[in-house]
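Chemist: Sequence and computational prediction follow.
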Amino acid sequence: MAAMNIRSLLRDNRGFIVFLLGFALFRSAVADWNPIPSGSMRPTLLEGDVVLVNRLAYDLKLPLTNLVLLPLGEPRRGDVVTLNSPAGGTRLIKRIVGLPGDRIAMRDDVLVLNGRPLAYRDGHTRGERVTPGWVVDALRATEHLDGRPHAVQFLPALRARRDFAEITVPPGQVFLLGDNRDNSADSRFIGCVPRERLIGRAHHVLVSADWLGEDGWRLAPRWGRWLTAIR
């Protein structure tokens, strides 16, 4: 009797079930959206942003796997990407700063690309809340990476890895950093990331809401961030 009821339920709802399966495949292979849970990409992305991700930016993959069926495009320096971390598989969002063959180093928080320190302009200081009740000075500036300027942030009050010796990015891999340079677990800690672990390129903030109010929980839409392009 139970088996008959299940068959009847599937038959009566097959259109909806097909829709759900198709929607899941679409999200896993074509386009996706991801909430931002941490501040590692501040000020570019904020906690409470939901970003749109183009999963076909680089590769066509077998749904729900990292198996590349067809390469579709090449990652570029400055792309903001989602990925499965090599350290535990956690989903991350970071910025590509190094491509295969690039020589990458960091000196006192200044990124050095192929022997040339990047330019940082429009620097200014503001208060940044690290945890509830703890506000530190944050230095924000525009980093000029391969003709693609974007905002970055430094937190001098925090202990961070601000220097590392030059490395060469291996073939088929990329080097990633968070825009919140002193508060990001990125390639300085997890190493270079194989291309097949890139999920897609994040290109717009779909919606955004402030859920980390100074006085505890709140949910306040950030209307000005809705449907904005990610630089």
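Modeler: Right, received. Where do you want to start?
Chemist: what element comes up after the lowest-mean-pLDDT helix or strand in the chain heading to the C-terminus?
Modeler: Scoring the helices and strands of the chain by mean pLDDT, DSSP states H and E places helix 14-29 at the bottom, with a mean of 48. Downstream of helix 14-29, the next assigned helix or strand under DSSP states H and E is strand 31-35.
Chemist: which residues sit against the helix or strand just after that following strand?
Modeler: The C-terminal neighbour of strand 31-35 among helices and strands, as given by DSSP H and E, is strand 49-54. Identification of contacts with strand 49-54 by CB atoms under 8 Å, 6 or more residues apart in numbering yields 31-36, 45, 80, 82, 93, 199-208, 225, 230. (Each C-beta comes from the backbone N, C-alpha and C, glycine too.)
Chemist: What is the helix or strand that comes right after strand 49-54 packed up against?
Modeler: Next in sequence after strand 49-54, counting helices and strands by DSSP H and E, comes strand 59-61. Secondary-structure packing of strand 59-61 (3 or more CB pairs under 8 Å, 6 or more residues apart in numbering; DSSP states H and E): strand 68-71.
Chemist: Now do the strand it packs on: distance to the chain's middle.
Modeler: Counting by CA atoms, centre = their mean, to the nearest Å, strand 68-71 is centred 21 Å from the centre of its parent chain.
Chemist: Who are the packing partners of it?
Modeler: On a contact count with 3+ CB pairs under 8 Å, 6+ apart, strand 68-71 meets strand 59-61.
Chemist: what does the strand it packs on rub up against?
Modeler: So strand 59-61 is in contact with 29, 55, 67-72, 195-196, 198, going by CB under 8 Å, 6+ apart.
Chemist: Report the separation between the most centrally placed residue in the chain and Arg225.
Modeler: Centroid check for the chain by CA atoms, centre = their mean gives Ile93 as the closest residue, at 1.7 Å. The spacing between Ile93 and Arg225, counted by CB to CB, to the nearest Å, is 15 Å.
Chemist: go on, Asp210?
Modeler: Taken as CB to CB, the span from Asp210 to Arg225 is 10 Å.
Chemist: neighbour-wise, which of those two wins?
Modeler: Using other CB atoms under 10 Å as the criterion, Asp210 and Arg225 rank with Arg225 on top: 18 against 14.
Chemist: What are the neighbouring residues in contact with that one?
Modeler: By CB under 8 Å, 6+ apart, the neighbours of Arg225 are 46, 49, 205, 207-208.
Chemist: Kindly indicate which of those residues lies nearest Ala151.
Modeler: Nearest to Ala151 among the contacts of Arg225: Leu46, at 11.5 Å, using CB to CB.
Chemist: Verify the stated contact: the closest one with Gly39.
Modeler: Yes. Counting by CB atoms under 8 Å, Gly39 is a contact partner of Leu46 at 7.4 Å.
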